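**Q** Give me a model of this one.
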Amino acid sequence: MAKKTNAVRIVEQAGISCREAYYEYVESDLSGTHAAQALGENPEMVYKTLVARGDRTGINVFCIPVCCELDLKKAARAAGDKHIALIAVKDLLGLTGYIRGGCSPVGMKRKYPTYFEKSCLLFDEIAISAGERGHQMLLNPVELAELVQAEMADLIVYKGEQSHV
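**A** Presented below is the predicted three-dimensional model:
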């Protein structure tokens, strides 16, 4: 049996029903869709966690489907910033306690304002990192959002749209 991560422990302690799924993490495939393919799940319900710094609010966390891109203009608007930029990968561990490919909105070193792409509400269950590469938690998005005190927002770039930040 695999070792429980802090993220899974926090979810379970909150009384949230959670399934765990594992896949072989591939360092060369940083697209985010590899997890969905490896798990046999719809990429629109497998979420990635991105960390950004706003010009007014500082660090913010954004959870979006792995098949989409974060629209920085929409993210800034949701966070109450004029401009927002993703943090450098080298800063991720120090800010969150997680590494790239294993970043979860649950159990970060500090509590940051968190935003979920509102399309997660279309699903009874979404997959999100359990806090380590190759390990996902599948759980109800509303319960997850309540746990991390996330706000729902329109955060992604749709086909044919361009973000001008």
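**Q** how about the helix or strand bottoming out on mean pLDDT in the chain: buried residues?
**A** Every helix and strand in the chain was compared by mean pLDDT, DSSP states H and E; the lowest is helix 33-39, with a mean of 88. By neighbour count with 16 or more other CB atoms under 10 Å, helix 33-39 contains the buried residues 34-36, 38-39. For glycine as for every other residue, the C-beta is placed from the backbone atoms N, C-alpha and C.
**Q** and it, what does it pack onto?
**A** strand 126-132 (3 or more CB pairs under 8 Å, 6 or more residues apart in numbering; DSSP states H and E).
**Q** Strands of this structure, start to end?
**A** Counting by DSSP state E, one finds strands in the chain at the ranges 18-22, 47-54, 58-65, 69-70, 84-86, 114-117, 126-132, 135-139, 151-153, 156-157.
**Q** what would these look like in TSV with distance to V106 and mean neighbour count?
**A** Shown next, in TSV, are the strands of the chain (distance: least, CB to CB, whole Å; neighbours: other CB atoms under 10 Å):
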stretch	distance to V106	mean neighbour count
strand 18-22	10	15
strand 47-54	9	22
strand 58-65	10	22
strand 69-70	19	18
strand 84-86	20	18
strand 114-117	10	25
strand 126-132	7	26
strand 135-139	8	23
strand 151-153	16	15
strand 156-157	21	18
